[in-house]
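# structure, please.
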Amino acid sequence: MPVRDFSPISSLKQSTKVVALLLSLLVLSGCATTESHQTIEPMTVASKTTAANYSGVRHPMIVGAFQNRSTYQNGLFSSGSDRLGTQAKTILSTHLQQTGRFSVMDRGNMDALAEESGYAKTDQDIKGAKYVITGDVTEFGRKVTGDQQLFGLLGSSKTQTAYSKVALQVVDVRTSEVLFSAQGAGTYDLKNREVLGTGGTSGYDSTLNGKVLNLAITEAVNRLVEGLENGEWFVN
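The predicted model follows:
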């Protein structure tokens, strides 16, 4: 019967071989190249699912001013351009059109439309709107929170949170009366946890701005459509 060597030197040699094997596997895995992709279904308004079967009136509407009234990106060292407001206006126009309840007209490209009409040798017949919808980003903020277990030795976590609140107003073009107002708000979180040196870590994720803005505007447009279908606002 063979005699097994349990001496400290033998154990050290075995441990060294195991560590070397693990390091080799890590190096091989680190050299591998992987590529992946996936499509993501964007968040849309609730009425989009019924838009195809909607047979009612499509109310003619244009999107007016949409401004960032929050303190975010409005500090002393801001660039001066309202990127958040511009982004919000684009999202709002898209969601209004997808409801199937509105005929949304573009007033931001009138020069280009006139030029193309000239190329096509056709006269423009611009349709007028009954409503102008305006909006504001009334609240917007970012924060990072985290925790540590046993001073970080057993793991740590970090959560990025974005918050947004928007307000919409439907204005009668003829009388300038505000017919209806709606608000929407939401938060978006990105969490990362590292345990014993393993797990994901991430830096600042700027895409949370667009995601939480889309969430808040989606909620506001849902309230807008609900008010319309309940007869709370419209012009005969």
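
# which element is the most centrally placed residue in the chain on?
For the chain, the residue whose C-alpha lies nearest the mean C-alpha position (C-alpha atoms, centre = their mean) is Lys211; its distance is 1.3 Å. Assigned by DSSP states H and E, Lys211 belongs to helix 207-229.

# report the rounded mean pLDDT for that helix.
Averaging pLDDT along helix 207-229 yields 94.

# one more: stretch 158-166?
Mean predicted lDDT for stretch 158-166 stands at 91.

# Ala52 contacts Gln98, correct?
No. Counting by C-beta atoms under 8 Å, Ala52 stays clear of Gln98, with 10.7 Å between them. Where you see a C-beta, it was placed from the backbone N, CA and C, and this is true even at glycine.

# that older thread, so which elements touch the helix holding Lys211?
The helices and strands touching helix 207-229, judged by 3 or more C-beta pairs under 8 Å, 6 or more residues apart in numbering; DSSP states H and E, are helix 83-98, strand 131-148, strand 156-172, strand 178-195.

# isn't there a strand covering Ser55?
No. Ser55 is assigned coil when assessed by DSSP: H, G, I helix; E, B strand; the rest coil, not a strand.

# what about it, distance to Gly100?
Distance of Ser55 to Gly100, computed by C-beta to C-beta, to the nearest Å: 10 Å.

# if we can go back for a sec, now mean neighbour count too, for the helices and strands packed on helix 207-229, in TSV please.
Output for the helices and strands packed on helix 207-229, formatted as TSV (neighbours: other C-beta atoms under 10 Å):
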stretch	mean neighbour count
helix 83-98	20
strand 131-148	17
strand 156-172	20
strand 178-195	16
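
# mind checking these for the one nearest to Val235?
Across the helices and strands packed on helix 207-229, Val235 has its closest neighbour in strand 156-172 (5.8 Å, C-beta to C-beta).

# the inter-axis angle of that closest one versus helix 83-98?
Orientation check (axes from the mean of the first three to the mean of the last three C-alpha atoms, to 10 degrees): strand 156-172 against helix 83-98 gives 60 degrees.

# who does strand 156-172 pair up with?
Strand 156-172 sits in its sheet next to strand 131-148 (antiparallel), strand 178-195 (antiparallel), going by DSSP bridges.

# just for the chain, where's the confidence low?
Applying pLDDT under 70 to the chain flags the ranges 1-33, 76-78, 147-156, 193-203.

# show me what contacts Ser103?
58-61, 127 (C-beta atoms under 8 Å, 6 or more residues apart in numbering).

# also Met61?
Counting by C-beta under 8 Å, 6+ apart, Met61 has contacts 96, 102-105, 129-133.

# and the angle from the helix or strand encompassing it to helix 207-229?
Following DSSP H and E, one finds Met61 within strand 59-68. Inter-element angle recorded for strand 59-68 and helix 207-229: 140 degrees (by the same axes, to 10 degrees).

# list the buried residues for strand 59-68?
59, 61-63, 66-68 (16 or more other C-beta atoms under 10 Å).

# so what strands line up beside it?
strand 102-105 (parallel), strand 131-148 (parallel).

# so which of these gets nearest Glu35?
Distance to Glu35, taken as C-beta to C-beta, is lowest for strand 131-148 among the strands paired with strand 59-68, at 30.3 Å.
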